[in-house]
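Novice: my questions are about this predicted structure, shown below with the sequence.
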Amino acid sequence: MQDRLIFLCASGAAAGGLREGFDRVFGVTGFGNVAIGNIVMIVIGLLMISLAIRRNYEPLLLIPIGFGIIAGNIPYNPGLMPIGYQDVLGGQQSVFRILYFGISSGLFPPLVFLGIGAMTDFSALLSNPKLLLLGAAAQLGIFVTLLGALLLGFDLRQAASIGIIGGADGPTAIFLASQMAPNLLGAIAIAAYSYMGLVPVIQPPIMRLLTTRKERLIRMKASRKVSRTERLVFPVAAFIVTAFIAPGAITLLGMLFFGNLLRESGVTQRLAESAQGALNNIVVMILGFSVGTSTQASRFLTPQSIEIFLLGAFSFAVASAGGVLFAKFMNLFLEDGDKINPLIGSAGVSAVPDSARVSEVEGRRYDPDNHLLMHAMGPNVAGVIGSAIAAGFLLGMISH
């Protein structure tokens with residue numbers, strides 16, 4: 001009897017030890033710490049990857065961001081494993097947080113602008129300078145959304161950072177948010193890059209709604225040939241003028257036009273190739289992944305983030321509509337041979353070159369021989385400049 005009692009006690013102790021060991025092992029795994037919010041965010045990450053692969057929606061952005069979202073929402077017990085990636089916005093030091101420093105410090109956006117400048121041909125804009133006005137008109141979404149954000153209770157600095165989403169310019173949105181609303185940086189960055197990736201989905205319905213069939217069939221006359229001297233003078237002259245207008249954007253505009261000068265000079269080809277190739281690819285990969293890791297469910301799935309996404313969609317829609325409507329307005333004063341196809345107005349947002357491609361696709365839907373791509377690149381690159389100027393202007397005005 002005594003032996004049996006000892007056996008039962010030993011068995012109970014062993015079972016208790018096994019349960020304790022199992023609980024400890026289970027508590028170390030993600031399964032022991034998962035919340036419904038983590039699952040929701042992981043599904044969103046998978047959806048982004050799926051859209052990038054199956055629909056070819058901005059794969060260079062959506063795949064890094066989508067995978068980053070998954071990585072940032074794998075749960076763990078921070079008391080047992082102080083790896084810190086669940087709090088890249090502050091808290092423990094970690095490799096993920098070091099990578100995120102490139103976003104929070106504002107380092108990555110200028111490097112992206114350097115690559116954009118090195119790969120951008122401004123000839124379409126130089127050959128038809130009035131297209132610059134379409135890029136300016138598309139910035140309407142920024143300021144309309146700023147007012148909307150103020151009405152929803154965001155302060156002025158937060159509202160300005162949210163409004164810049166309407167420019168469809170992820171690097172500029174990150175740059176401004178890092179300076180003015182770092183607590184909203186993750187939500188703003190995800191919203192900006194999501195709408196950049198969804199340009200082929202969001203813009204066409206707006207373009208069709210605001211134009212007639214006759215307007216969509218407008219054929220624009222061929223662009224004139226731009227001289228090498230014009231291409232060389234433009235980045236230097238444009239930087240001086242725009243930097244004086246918006247000194248707050250010197251970092252972005254300086255790198256943009258510096259990259260373009262490397263391209264156009266003809267004597268720094270190796271530097272231009274590095275800027276638009278290896279360097280740009282590395283920065284975009286790390287930026288996208290780091291943006292994704294900042295979307296931990298506990299921080300991201302909040303009413304405030306939902307408001308930012310809705311305001312971002314509104315901002316992007318207003319910006320696209322602003323470009324189209326201003327093209328129609330300009331046509332009231334242009335001769336028949338000089339009229340602008342309003343479909344290129346939506347390219348005034350700075351999602352280069354995707355919004356220009358949308359204009360091409362929509363134009364050929366109604367006239368297969370009507371190629372609008374090169375014309376659309378004019379307002380498209382103007383939008384890049386315009387969103388940077390808007391960000392610099394807001395930074396200068398609101399910081400004082």
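Specialist: Right, received. Where do you want to start? Numbering: from 1, shown residues only.
Novice: burial count for the nearest residue to Leu140 once chain neighbours are set aside?
Specialist: Leaving aside its chain neighbours, Leu140 sits nearest to Gly322 (3.6 Å; criterion: Cβ to Cβ, 6 or more residues apart in numbering). C-betas here are computed from N, CA, C, even on glycine. Residues lying near Gly322 (other Cβ atoms under 10 Å) number 25.
Novice: tell me the contacts of Gly322?
Specialist: Contact analysis of Gly322 by Cβ atoms under 8 Å, 6 or more residues apart in numbering lists Ala137, Ala138, Gln139, Leu140, Gly141, Gly345, Gly348.
Novice: buried subset of these as a ChimeraX selection?
Specialist: To isolate the buried members of the contacts of Gly322 in ChimeraX, using 16 or more other Cβ atoms under 10 Å:
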select :137,138,139,140,141,345,348
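Novice: in JSON lines, list the contacts of Gly322 along with distance to Leu262 and secondary structure.
Specialist: Listed next are the contacts of Gly322 as JSON lines, based on distance: Cβ to Cβ, whole Å; DSSP: H, G, I helix; E, B strand; the rest coil:
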{"residue": "Ala137", "distance to Leu262": "30", "secondary structure": "helix"}
{"residue": "Ala138", "distance to Leu262": "27", "secondary structure": "coil"}
{"residue": "Gln139", "distance to Leu262": "27", "secondary structure": "coil"}
{"residue": "Leu140", "distance to Leu262": "32", "secondary structure": "helix"}
{"residue": "Gly141", "distance to Leu262": "31", "secondary structure": "helix"}
{"residue": "Gly345", "distance to Leu262": "30", "secondary structure": "helix"}
{"residue": "Gly348", "distance to Leu262": "26", "secondary structure": "helix"}
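Novice: past the helix or strand where the residue nearest to Leu140 lies, which element shows up next along the chain?
Specialist: Secondary structure assigned from DSSP states H and E places Gly322 in helix 303-331. Following helix 303-331 in sequence order, the next helix or strand is helix 354-366 (DSSP H and E).
Novice: what's that next one packed up against?
Specialist: helix 199-210, helix 213-216, helix 373-398 (3 or more Cβ pairs under 8 Å, 6 or more residues apart in numbering; DSSP states H and E).
Novice: just the C-alpha atoms of that helix, please, in CSV.
Specialist: Output of helix 354-366 as CSV, limited to C-alpha atoms (Å, rounded to 0.1, in the frame of the first residue of the first chain):
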residue,chain,number,x,y,z
ASP,A,354,2.1,53.4,-62.5
SER,A,355,-0.4,56.2,-62.8
ALA,A,356,1.1,57.1,-66.2
ARG,A,357,0.6,53.4,-67.2
VAL,A,358,-3.0,53.6,-66.1
SER,A,359,-3.6,56.6,-68.4
GLU,A,360,-2.1,54.6,-71.3
VAL,A,361,-4.2,51.6,-70.6
GLU,A,362,-7.4,53.6,-70.2
GLY,A,363,-6.7,55.6,-73.4
ARG,A,364,-6.1,52.4,-75.4
ARG,A,365,-9.3,50.9,-74.1
TYR,A,366,-11.2,53.4,-76.2
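Novice: and the angle for that helix with helix 373-398?
Specialist: Interaxial angle of helix 354-366 relative to helix 373-398 (axes from the mean of the first three to the mean of the last three Cα atoms, to 10 degrees): 140 degrees.
Novice: tell me how far helix 354-366 lies from the chain's centre.
Specialist: In terms of Cα atoms, centre = their mean, to the nearest Å, the centre of helix 354-366 is set 21 Å apart from its chain centre.
Novice: now the closest residue in space to Leu156 that isn't next to it in sequence: how far from Ile42?
Specialist: Spatial nearest neighbour of Leu156, excluding adjacent residues (Cβ to Cβ, 6+ apart): Ile398 at 5.6 Å. Here Ile398 is placed at a distance of 36 Å from Ile42 (Cβ to Cβ, to the nearest Å).
Novice: do Tyr76 as well
Specialist: 14 Å.
Novice: contacting residues around the residue nearest to Leu156?
Specialist: Ile398 neighbours (Cβ under 8 Å, 6+ apart): Leu156, Arg157, Ala160, Met180.
Novice: just among the residues you listed, which is most surrounded?
Specialist: Using other Cβ under 10 Å as the neighbour criterion, Ala160 leads the contacts of Ile398 with 29 neighbours.
Novice: check which helix or strand that one maps to.
Specialist: Counting by DSSP H and E, Ala160 is part of helix 156-163.
Novice: could you pull out the buried residues of the very next helix or strand once past that helix?
Specialist: For helix 156-163, the succeeding helix or strand toward the C-terminus, using DSSP H and E, is helix 170-180. For helix 170-180, the neighbour count (16+ other Cβ under 10 Å) marks Gly170, Pro171, Thr172, Ala173, Ile174, Phe175, Leu176, Ala177, Ser178, Gln179, Met180 as buried.
Novice: from those residues, which is closest to Ala275?
Specialist: Each of these was checked against Ala275 using Cβ to Cβ; the closest is Pro171, at 14.2 Å.
Novice: does the closest residue to the closest one other than its chain neighbours sit in a helix, a strand or a coil?
Specialist: Among residues not flanking Pro171 along the chain, Pro109 sits closest, at 3.7 Å (Cβ to Cβ, 6+ apart). Assigned by DSSP: H, G, I helix; E, B strand; the rest coil, the conformation of Pro109 is helix.
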